[in-house]
Structure formats: structure tokens, C-alpha cells
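Novice: A structural model of the following input is requested.
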Amino acid sequence: MRVILAPACTQAILVLVAGCSTPAASPPDTRPLGNVTSSPRECGLISAQAIRIATGLTDYKAFGTKTDMGRHFESCTVSKGSGIKDEEGLLIEVFDPSPISPEGLEKTKTTTQGNDLPGALGPGFAARRKNAQDQVIAFVYGWTPDYKRLLTINLVEGAPGRDSLADATEFFRQLKPLLLT
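Specialist: Predicted coordinates:
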């Protein structure tokens, strides 16, 4: 027995099959972050454009803190929402003094399977971990040679096609000379 389909049936079958196929993965987003301190800025220091590229967020709120009567950058939290308790996209913090001992930093590096930063960026390491909401966080911890100051970059992975660990490292590379000198 031979079945012959009318052209309209053939088209309908092709549409159904095409509709059921898995969508192609979006190509990697390899745009450079550019100058992470260019204007316009959030928290008085961080480029809004770099934030949008790295986090994938177009609608976000940024909250920053400064010390010494507003003269020194302390932190910048970028959230996907209107409140400071909302889901974070990016968190940059400077600790002076560092709350983590050299031994604690080494333990964190070991438990997260962190990799040393390239020589020119070190001392420090980059790794990934999961937060309480089961989101993957790419992070970089870097410190002064005397361990007195610590700069941390935490970036929630979520921007389609981005390498969040590379972006966190690029934020660190550009901010280290400004924040850890």
C-alpha cells in the first residue's frame, strides 16, 4: 500500500517537524567589556555599559558605598530589581583590612578549585561556586602582597553567550590598579 500526501499535508508535516526541533544555541557573545570605568558610571566608578554586557541585564539598580566621607570606593552591588535584597548580578567589594586570612584565602581557593590569576594580576585566584539560590557565581579574589587589602568581583552567570569568569577577571584586571594601590 502506498500513501501519497497532498502538498498541503507535506507542508503541514514540515512545519510541525521544524517547530519541534531544538532551537540553535545563540552564538558566543565575545564583545569586549571595554573600559570598565568609562562614563556613564554606576556607584561612581563602574561603567554602565560594561555592567550591561557582563550581566545581560538592561533593567537593573546599582547601589554603592564609599568610606572616608565618600572619597574611597568600597562596594558596588548591581541587582535585577529595585531593592538591595533583589537578585544580584554583580558585586564588587574592596576590604581594608581584608576579613580573610592568608590561610582562609588558600582554603577558599582549594575548596572552589580556583586557578591562580596570571602573574601580572596576582596574587589572587578565579573560580566558580554556587550561591544559596543555586546560581553559578564566577568570582575573582585578589589581594595586596601583604594580604592587608582584598578586592573581590562576583558575577552571577546568566548573560547569554558570555564567559562570566573571563568578564570577572577583566573587571579585576582594570580595577586592581585603582582599588588595590
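Novice: Sort out which residues of the longest helix along the chain are buried, please.
Specialist: Across the chain, the helix with the greatest residue count (assigned by DSSP state H) is helix 164-179. Neighbour-count burial for helix 164-179, with 16 or more other Cβ atoms under 10 Å as criterion, is recorded at 164-165, 167-176, 179. In this view, the C-beta of every residue, glycine as well, is placed from N, C-alpha and C.
Novice: Looking at these, which is nearest Arg31?
Specialist: Distances from Arg31 to the buried residues of helix 164-179, taken as Cβ to Cβ, are shortest for Asp167 (10.3 Å).
Novice: looking at this protein, which helix or strand is least sure?
Specialist: Ranked by mean pLDDT, DSSP states H and E, the helix or strand of the chain with the weakest confidence is helix 7-20, at a mean of 47.
Novice: Beyond that helix, next helix or strand please.
Specialist: Past helix 7-20, further along toward the C-terminus, the next helix or strand under DSSP states H and E is strand 41-42.
Novice: Direction included, what does the next helix or strand along the chain from that next one pair up with?
Specialist: Toward the C-terminus, strand 41-42 is succeeded by strand 46-47 as the next helix or strand (DSSP H and E). Here strand 46-47 has these sheet partners by DSSP bridges: strand 41-42 (antiparallel).
Novice: Quick one: residues in contact with the strand it pairs with.
Specialist: Where contact means Cβ atoms under 8 Å, 6 or more residues apart in numbering, the residues beyond strand 41-42 that reach it are Ser47, Ala48, Ile51, Ala62, Gly64, Cys76, Val78.
Novice: repeat that with 10 Å
Specialist: Around strand 41-42, the neighbours that count as contacts under Cβ atoms under 10 Å, 6 or more residues apart in numbering are 47-51, 60-64, 76-78, 90, 92.
Novice: Are any of these buried, and if so which?
Specialist: By neighbour count, with 16+ other Cβ under 10 Å, the contacts of strand 41-42 hold 47, 49-51, 60-62, 64, 76-78, 90, 92 as buried.
Novice: Just the contacts of strand 41-42: which are in helices?
Specialist: Ala48, Gln49, Ala50, Ile51.
Novice: just to revisit the earlier point, any chance of a markdown table for the buried ones among the contacts of strand 41-42, columns distance to Phe125 and pLDDT?
Specialist: Shown next, in a markdown table, are the buried ones among the contacts of strand 41-42 (distance: Cβ to Cβ, whole Å; pLDDT from 0 to 100):
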| residue | distance to Phe125 | pLDDT |
| --- | --- | --- |
| Ser47 | 24 | 97 |
| Gln49 | 27 | 97 |
| Ala50 | 22 | 97 |
| Ile51 | 23 | 97 |
| Tyr60 | 27 | 93 |
| Lys61 | 29 | 94 |
| Ala62 | 26 | 94 |
| Gly64 | 25 | 92 |
| Cys76 | 21 | 95 |
| Thr77 | 22 | 94 |
| Val78 | 22 | 95 |
| Leu90 | 19 | 97 |
| Ile92 | 16 | 97 |
